[in-house]
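Chemist: got a sequence here, can you build the structure:
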Amino acid sequence: MALAIRFDQLIQDGLVKDQSELARLGHVTPARLSQMMNLLTLSPEIPDAMLFLPRVEKGRDRVSERDLPRVMKSLDWGVQRGRWDSGL
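Modeler: Next up is the predicted model:
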């Protein structure tokens, strides 16, 4: 999330032209960079909640990278929060 915020600022400040340039400079595919930048569409409460998830001592993490696209399918923050609250 922090990288997405930083990358967005680099574009806004004109230090890089666009996401394609960021992908090239970062040695990642444009698709991967797009996935990262899509985090910026999340309702602000969701990244905050992710930061404070309890440590997993045993078993599966509550949230994985694969879960987030289901939350981000909608740009409506209310829908996102509902999906998040319902356990993805």
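
Chemist: kindly state the domain boundaries assigned to this protein.
Modeler: For the chain, automatic domain parsing gives the domain ranges 1-41, 43-52+61-88.

Chemist: tell me, what residue is most central in this protein?
Modeler: Closest to where the C-alpha atoms of the chain average out (C-alpha atoms, centre = their mean) is Leu39, at 2.2 Å.

Chemist: assign that residue to helix, strand or coil.
Modeler: With DSSP: H, G, I helix; E, B strand; the rest coil as the basis, the three-state label of Leu39 is helix.

Chemist: what residues are up against it?
Modeler: Neighbour list for Leu39: 1, 4, 47, 68, 72 [criterion: C-beta atoms under 8 Å, 6 or more residues apart in numbering]. (Each C-beta comes from the backbone N, C-alpha and C, glycine too.)

Chemist: contacts for the strand or helix carrying the third one?
Modeler: It refers to Pro47. For Pro47, the host element (DSSP states H and E) is helix 45-51. With C-beta under 8 Å, 6+ apart as the test, helix 45-51 has contacts from 1, 39, 63, 71, 80-81, 84.

Chemist: likewise stretch 72-79?
Modeler: By C-beta under 8 Å, 6+ apart, the list of residues contacting stretch 72-79 from outside reads 38-39, 41-44, 80, 83.
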